[in-house]
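Peer 1: Take this sequence and fold it.
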Amino acid sequence: MLRGSYVDPAAGKVTLRAFASEWLERQTFEESTREATESRLNAHILPVLGDLEVRAIRPSTVQGWLRSRQAICAPRYVRVMLANLSSILGAAVEDGLIARNPCASASVRTPAVTKGRIVPWTHARVEAVIDAHPAAYQAIPVVAAGCGLRQGEVFGLRIEDVDFLERTLHVRQQVKIVRAKIVIAPPKGRKVRDVPLPDVVAEALAERIRQYPPVQGGLIFTSREHKPLNRNYYNPKIWKPALVAAGVEPTRANGMHALRHHYASVLLDAGVSIRALAEHLGHADPGFTLRTYTHLMPSSEDRTRRAIDAAFRSSCAPDVHQGAR
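Peer 2: Here you go, the predicted structure:
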């Protein structure tokens, strides 16, 4: 009490379920993040820990819960759940309900995540998947592979977002599904950005606009009813059949995000900087881009050889011609 660190044991008598409900209500999440967090709480956290008083949750309690989740969920997902639980209990500490956050204890061991390296598609595979798309939807994978847009960002493109004169694509919105409803929202992290528009993408978009003039809200890609595209229709009905037709296994790793990885690999191979790539991809942290794609960057040895060879070729060429004279 003299140090000012005393916490009344009676303060933590509230159950985790009650406190988590209040905590979730106070958050300023985007609606899709709120929905995902609420889903994890209801499916994995509250059924096990919800009836416990906050003061009764110990590091051993958290570790036991983690072990039970590891038996049924992927390690990466378990770590997200733990982050949610830690945020809730951290708020309880800030509110003076408990003295310490049990999730922050050294005895709480998070599951290790084995991160596999991204193996980008070859350009031949990308072209095969594009060719396997129905004509009405062929421009979608062209935009994704040629500009690195996320699926929802491609679906959210409007005619006003395409500047053919300045050869720029303005990424200003995306199509999302929130609580089973299609909504138009800002891009991920609200990171509006401009992306260079290659000729091949401009031609594909121009042809799509010519054949299917935008109607509702100026969206370039819509359903047959002129409504925003629903990923729950496009992925099983358009994307996966195109993969099968192109001889590509329709696995999670071969989702439409593979086109974004292809875009990153092409730019890195061409010498585009990590910072520029992060801007084009809409990553808030270039460090994340580096950690994700560093193995795709040409090695320093390869760059050294090319640089020296290029320098010698340019400096020696005039001497060769002069000797010939």
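Peer 1: ok, how many other residues are close to Arg172?
Peer 2: 16 (other CB atoms under 10 Å). (Glycine included, C-beta is placed from N, CA and C.)
Peer 1: Contacts only, for it.
Peer 2: Arg172 makes contact with Gly156, Arg158, Asp161, Pro186, Pro187, Val192 under the criterion CB atoms under 8 Å, 6 or more residues apart in numbering.
Peer 1: Can you tell me the closest non-neighbouring residue to Gln173?
Peer 2: Using CB to CB, 6 or more residues apart in numbering and skipping residues adjacent in sequence, the residue nearest Gln173 is Gly156, 4.3 Å away.
Peer 1: now the one you found: how far from Gly12?
Peer 2: Look at Gly156 and Gly12: by CB to CB, to the nearest Å, they are 45 Å apart.
Peer 1: okay, those two: which has more neighbours?
Peer 2: Gly156 (26 against 22).
Peer 1: Now list the buried members of the contacts of Arg172.
Peer 2: Neighbour counting with 16 or more other CB atoms under 10 Å marks Gly156, Arg158, Asp161, Pro187 as buried within these.
Peer 1: of those residues, closest to Ile209?
Peer 2: Distance to Ile209, by CB to CB, is smallest for Arg158 among these, at 10.6 Å.
Peer 1: List the contacts of the nearest residue to Leu243 once chain neighbours are set aside.
Peer 2: Excluding the flanking residues, the one nearest Leu243 by CB to CB, 6+ apart is Pro250, at 4.6 Å. Neighbouring residues of Pro250 by CB under 8 Å, 6+ apart: Trp239, Lys240, Leu243, Val244.
Peer 1: go on, Leu89?
Peer 2: Val54, Ile57, Ile98, Asn101, Pro102, Cys103.
Peer 1: switch to 6 Å and redo it
Peer 2: Asn101, Cys103 (CB atoms under 6 Å, 6 or more residues apart in numbering).
Peer 1: helix/strand/coil for it?
Peer 2: Assigned with DSSP: H, G, I helix; E, B strand; the rest coil, Leu89 falls in the helix class.
Peer 1: For Trp23, see how far away it is.
Peer 2: For Leu89 relative to Trp23 (CB to CB), the value is 9 Å.
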